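Chemist: take this sequence and fold it.
(chains A and B)
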Protein chains: 2
Amino acid sequence: MDDTREMADPLPYALFGDRGAGGMLLVCEHASNFVPSRYVGLASDRKLLAAHVAWDPGALRVARHLSQFADAPLVAGTVSRLVYDCNRPPEAPDAIPEKSEQFVIRGNLELSEVERRRRARAVHDPFHGQVANMIAISPVAPVLITIHSFTPIYNGHPRQVEIGVLHDTDARLADAMLAVASNHTNRVVARNEPYRPEDGVTYTLRRHGVSRGLLNVMIEIRNDLLSDPDACRRMAGILAGWLGDATKTLTENGAHT
Amino acid sequence: MDDTREMADPLPYALFGDRGAGGMLLVCEHASNFVPSRYVGLASDRKLLAAHVAWDPGALRVARHLSQFADAPLVAGTVSRLVYDCNRPPEAPDAIPEKSEQFVIRGNLELSEVERRRRARAVHDPFHGQVANMIAISPVAPVLITIHSFTPIYNGHPRQVEIGVLHDTDARLADAMLAVASNHTNRVVARNEPYRPEDGVTYTLRRHGVSRGLLNVMIEIRNDLLSDPDACRRMAGILAGWLGDATKTLTENGAHT
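Modeler: Below is the predicted model of the structure:
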């Protein structure tokens, strides 16, 4: 028990809804704030673990309900992004964050290149391998949806946007969603907010969606809208109808590859 | 979206730590308070979902760390026991609880036999099928450990016990643990508390452990000892050393089948 640094890493993903007749694949990179035993130094600050820097509160619950509403498989991360942020490539400096807002993440300061590569192999590689596997075994080219949540106040500034619809170079699905947004929600909806592709947040979309020509979008939900289980379920119901509507438009127009 | 009652059920388990060189299998029946979309009526009471009636708070985190410390696979429930209690056989009246302490669970009142059987097929059968599969593919006969938590106050009465060591007719591992308890923890440890086999809590042990002659034990931890992630990790470290010690004694005595 003494040298927890020598512990192995756990499998960094869990699979929900393995059937998936819906032609959709869900990914929730920041589903968990679990810090595996070997990274004991990262887990000592209770406030840090509860905060958005460690995970996206509410995102897994939305994604699990959406998985059911849309009959879509879901790949969810099971390791905190304090250890490795699965929505970042290994070469990104913030793949293993050293700070977030006012927090300095001391367990991540001055890591060796060997340790950075080790974490990428332990967390990033199996996670994205599993996403790729799910696409490979899908009976039809799936629509790729990633589910995230964001904090209502960031660096002291309140955020007005409630639901962000984010995309990289392939904006087909985001455009279609934004065009029909008002039919599905009265929330404040915005394109590429509160983050933009330049912030490096479209890694999963690019790696698995854009590269294969799959319709894809990243959904960001302000986490004060996900403060209880029923709110998460209702948000998933809205997203299911909205995504279904937008995808149908594209399929009818022949844009769905 | 209108008729969520027609939603399919999600897979009722997740698998953590799939390798398992440690000769141990962990089960956490009450790991999640997630209520699938089709049971919308069960999810309307936020207080109910947060309470022990819906899940065992902290148990999954302890089990995940223990899975790492002991290099043991873990089968964890992903559906609230409000829907179906995976530590009960389908014929048990409280497999689908109608009340718990002061709570009446209205969505479970006056269920038809058809609905009861449907929930058992959707939740109980795949969950216990997966536990059986894990035993079948284990390279050695595994030691079966189930991890639970309990509420410090029950029906208004404070509970003094802090860690319960529970068993059914096969007490070998529980006896060995109790014999060395004081070497591993200063907590108040008790045999078959706060529940006894007569309360129906040893279903998983009997079904998978006693029936096959596997060493087995159920651990119950008072959930005020699991109030933050680091406390869960520390408890898992204690259990890993304690279980290892007790199992070693038995193996040396030739009692490990």
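
Chemist: ok, which residues in the stretch 51-200 of chain A are in contact with chain B?
Modeler: Along the stretch 51-200 of chain A, the residues adjacent to chain B under the rule Cβ under 8 Å from any Cβ of the partner chain are A:61, A:64-65, A:67-69, A:71, A:78. For glycine as for every other residue, the C-beta is placed from the backbone atoms N, C-alpha and C.

Chemist: which of these has the most neighbours?
Modeler: Within these, most neighbours by other Cβ atoms under 10 Å in any protein chain shown means A:Ser67, with 31 neighbours.

Chemist: quick check: phi and psi on that one?
Modeler: Here is the backbone geometry of A:Ser67 (degrees, to the nearest 10): phi -60, psi -40.

Chemist: chain center to stretch A:108-115, what's the gap?
Modeler: With Cα atoms, centre = their mean, to the nearest Å as the basis, stretch A:108-115 stands 24 Å off its chain's centre.

Chemist: before we move on, what about stretch A:203-220?
Modeler: 11 Å.

Chemist: may I see the buried residues of it?
Modeler: A:203-205, A:207-210, A:214-220 (16 or more other Cβ atoms under 10 Å in any protein chain shown).

Chemist: could you give me the average pLDDT of it?
Modeler: The average pLDDT within stretch A:203-220 is 97.

Chemist: what's the end-to-end length of stretch A:138-153?
Modeler: 38 Å (Cα to Cα, to the nearest Å).

Chemist: buried residues in it?
Modeler: A:138, A:142-152.

Chemist: also stretch A:47-54?
Modeler: For stretch A:47-54, by 16+ other Cβ under 10 Å, it's A:48-49, A:51-54.

Chemist: also stretch A:99-109?
Modeler: A:100, A:103, A:105, A:107-108.

Chemist: among those, which are in helices?
Modeler: Applying DSSP state H to those, no entry is found in helices.

Chemist: what two of those residues are the furthest from one another?
Modeler: Spanning the widest gap among the buried residues of stretch A:99-109 are A:Ser100 and A:Gly107, at 12.9 Å by Cβ to Cβ.

Chemist: which residues in the stretch 151-257 of chain A form strands?
Modeler: A:153-154, A:157-158, A:163-166, A:189-191, A:216-222 (DSSP state E, counting those that start in this stretch).

Chemist: quick one: the first one to chain centroid distance?
Modeler: Using Cα atoms, centre = their mean, we find the averaged C-alpha position of strand A:153-154 to lie 19 Å away from the chain's own average C-alpha position.

Chemist: my read: A:Thr185 touches A:Val165, true?
Modeler: No - taking contacts as Cβ atoms under 8 Å, A:Thr185 lies outside contact range of A:Val165: 10.9 Å.

Chemist: quick one, which of those two is more surrounded?
Modeler: Taking neighbours as other Cβ under 10 Å, A:Thr185 and A:Val165 compare with A:Val165 leading, 24 against 15.

Chemist: list the contacts of that one.
Modeler: Contact analysis of A:Val165 by Cβ atoms under 8 Å, 6 or more residues apart in numbering or on different chains lists A:174, A:177-178, A:181, A:189-192, A:217-219.

Chemist: pick out the most distant pair among those residues.
Modeler: Once Cβ to Cβ is applied, the contacts of A:Val165 give A:Ala181 and A:Met218 as the farthest pair, at 15.1 Å.

Chemist: give me the low-pLDDT residue ranges for chain A?
Modeler: A:1-6, A:18-19, A:254-257 (pLDDT under 70).

Chemist: which stretches of it form helices?
Modeler: A:46-50, A:59-69, A:113-119, A:125-137, A:172-180, A:203-204, A:229-252.

Chemist: JSON lines for those, including distance to B:Met134?
Modeler: Shown next, in JSON lines, are the helices of chain A (distance: least, Cβ to Cβ, whole Å):
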{"stretch": "helix A:46-50", "distance to B:Met134": "29"}
{"stretch": "helix A:59-69", "distance to B:Met134": "23"}
{"stretch": "helix A:113-119", "distance to B:Met134": "28"}
{"stretch": "helix A:125-137", "distance to B:Met134": "19"}
{"stretch": "helix A:172-180", "distance to B:Met134": "39"}
{"stretch": "helix A:203-204", "distance to B:Met134": "30"}
{"stretch": "helix A:229-252", "distance to B:Met134": "29"}
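
Chemist: just those: most buried one?
Modeler: Among the helices of chain A, the stretch with the highest mean neighbour count (mean count of other Cβ atoms under 10 Å in any protein chain shown) is helix A:59-69, at a mean of 27.

Chemist: please report the number of neighbouring residues for A:Cys86.
Modeler: Should you count by other Cβ under 10 Å, A:Cys86 turns out to have 26 residues around it.
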